[in-house]
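J.: Sequence plus the predicted model coming up.
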Amino acid sequence: MKIHSKKIITNLILISLVIFLAIIPFFVTKDADFAGADEKAEAAIIDINPKYKPWFSSIWEPPSGEVESLIFSLQAAIGAGIIGYGLGYMKGKSKVKEG
Amino acid sequence: MGFFIFYSERVTLLSNKKVWMFGLVLMLILLPQQIYGMHIMDGFLQPKWCIAWGILTIPFVIAGLSAINRTISENPKTILLLAMSGAFVFVLSALKIPSISGSTSHPTGVGLGAIMFGPTAMTVLGLIVLLFQAILLAHGGLTTLGANAFSMAVIGPIVAFVTYKTVKKVNGPQWLAVFLAAALGNLITYITTSVQLALAFPAEVGGFMISFEKFLSIFALTQIPLAISEGILTVLIFNSIKTYSKNELIDLKVLSKEVL
């Protein structure tokens, strides 16, 4: 039982670390150059080769940000579903073995 | 694009309509020429580079297919873990996490599968995810699929795999091996992307190296915190798998040695 709760605490600490890393930017970049990487990458290509024109564009693009986020959430949901199923299956199986 | 939406939302909170409109206009102007996150957008690599990276990727895909076939036929129980490795890439590539550079990018998730099934198996799984995002999300691209697959699904998994084996060899702790494998696999992906962009767009003065430094400096700040996040997330999922599925992992470790 002790090992079990230790594991939960470790996992909670690890999860909080990830959340912390995702939240810091909101505070750090507040007064910093918020334009950041995208715009710079943009500028870099144009800077290096001002004449370059993309020769191909995506055959289909999500018509709006909402549709795009729908597909992204779908992607995450499918993945999370499979992982959840897998972990549940393995946990159930290991319990049967023990019992 | 995520950054601009985020930016717009932020200033909306400040209820400054002019700034919001400015953000929207900026977004519309810059949108067609985005190099977003870590994948190279459609049309942003000249045809010769698209073909070259595509050809380089093909042998890894073929090797991956036979590696997966072998693993599954020798160890049918591990098919669930393989599905979970693919699913992990699916989840992580959908998570666009803000970074201290003020833009967002996403982890790759290929480290986990590379550790368990060897690097080439992840070429196949990574390719599927990239294809999904290129077709349905206009994220990455069909013409740049070869280049993106080479960075995320070939080099990333190889580095992850080698890192894992190296740390294990010097008797490093399990969690450190997993963490470093996933984090370095993520970092090398963006370094490869920078190489690809620099090769395609060498600076007129200074050539490849100047361009490389330029692209690298752009992606570096964004990607380092994300690499750490990816390392932590991979340790989390790996620990869960280890708790419930020790036997399969023991089988696989023997197997992945044979695969290489």
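T.: Everything's here; your move.
J.: for chain A, longest helix please?
T.: The longest helix of chain A (DSSP state H) is helix A:65-98.
J.: Check which helices and strands it is in contact with.
T.: helix B:79-94, helix B:119-137, helix B:207-244 (3 or more Cβ pairs under 8 Å, 6 or more residues apart in numbering or on different chains; DSSP states H and E). All C-beta atoms are positioned from the backbone trio N, CA, C, and that covers glycine.
J.: what comes up buried for it?
T.: Across helix A:65-98, burial judged by 16 or more other Cβ atoms under 10 Å in any protein chain shown covers A:68-69, A:71-72, A:75-76, A:79, A:82-83, A:86-87, A:90.
J.: Then stretch B:54-61?
T.: Going by 16+ other Cβ under 10 Å, stretch B:54-61 has these buried residues: B:54, B:57, B:60-61.
J.: Indicate the residue of the stretch 101-250 of chain B located nearest to chain A.
T.: Chain A sits closest to B:Gly102 of the stretch 101-250 of chain B, with a gap of 3.1 Å, by Cβ to the nearest Cβ.
J.: In this structure B:Thr163 contacts B:Leu184, no?
T.: Yes - contact criterion Cβ atoms under 8 Å: B:Thr163 and B:Leu184 qualify, at 5.0 Å.
J.: Show me the shaky parts of chain A.
T.: Chain A contains residues with pLDDT under 70 at A:1-2, A:30-43, A:99.
J.: cutoff 80 now
T.: Applying pLDDT under 80 to chain A flags residues A:1-4, A:28-47, A:49-54, A:57-59, A:97-99.
J.: so what are the domain limits for it?
T.: A:1-57, A:62-99 (automatic domain parsing).
J.: Tabulate these (CSV), appending distance to B:Trp49.
T.: Formatted as CSV, the domains of chain A follow (distance: least, Cβ to Cβ, whole Å):
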stretch, distance to B:Trp49
domain A:1-57, 11
domain A:62-99, 26
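J.: The spatially most central residue of chain A: what's it in contact with?
T.: The centroid of chain A falls nearest to A:Ala76 when counting by Cα atoms, centre = their mean (8.6 Å). By Cβ atoms under 8 Å, 6 or more residues apart in numbering or on different chains, the residues touching A:Ala76 are B:90-91, B:94-95.
J.: sec struct for the residue of the stretch 101-250 of chain B closest to chain A, please.
T.: coil (DSSP: H, G, I helix; E, B strand; the rest coil).
J.: ok, of the helices and strands packed on helix A:65-98, where does mean pLDDT dip lowest?
T.: Note on those: lowest mean pLDDT is at helix B:207-244, with a mean of 89.
J.: still on that earlier bit, and the longest helix of chain A, how far out from the chain middle?
T.: How far helix A:65-98 lies from its chain's middle: 15 Å, per Cα atoms, centre = their mean, to the nearest Å.
J.: same question, stretch B:212-222
T.: 16 Å.
J.: quick one: buried residues of that stretch?
T.: B:212, B:214-216, B:218-222.
J.: Need these in JSON lines (columns: distance to chain A).
T.: Below are the buried residues of stretch B:212-222 laid out as JSON lines (distance: Cβ to the nearest Cβ, whole Å):
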{"residue": "B:Phe212", "distance to chain A": "11"}
{"residue": "B:Lys214", "distance to chain A": "5"}
{"residue": "B:Phe215", "distance to chain A": "6"}
{"residue": "B:Leu216", "distance to chain A": "10"}
{"residue": "B:Ile218", "distance to chain A": "5"}
{"residue": "B:Phe219", "distance to chain A": "7"}
{"residue": "B:Ala220", "distance to chain A": "9"}
{"residue": "B:Leu221", "distance to chain A": "7"}
{"residue": "B:Thr222", "distance to chain A": "5"}
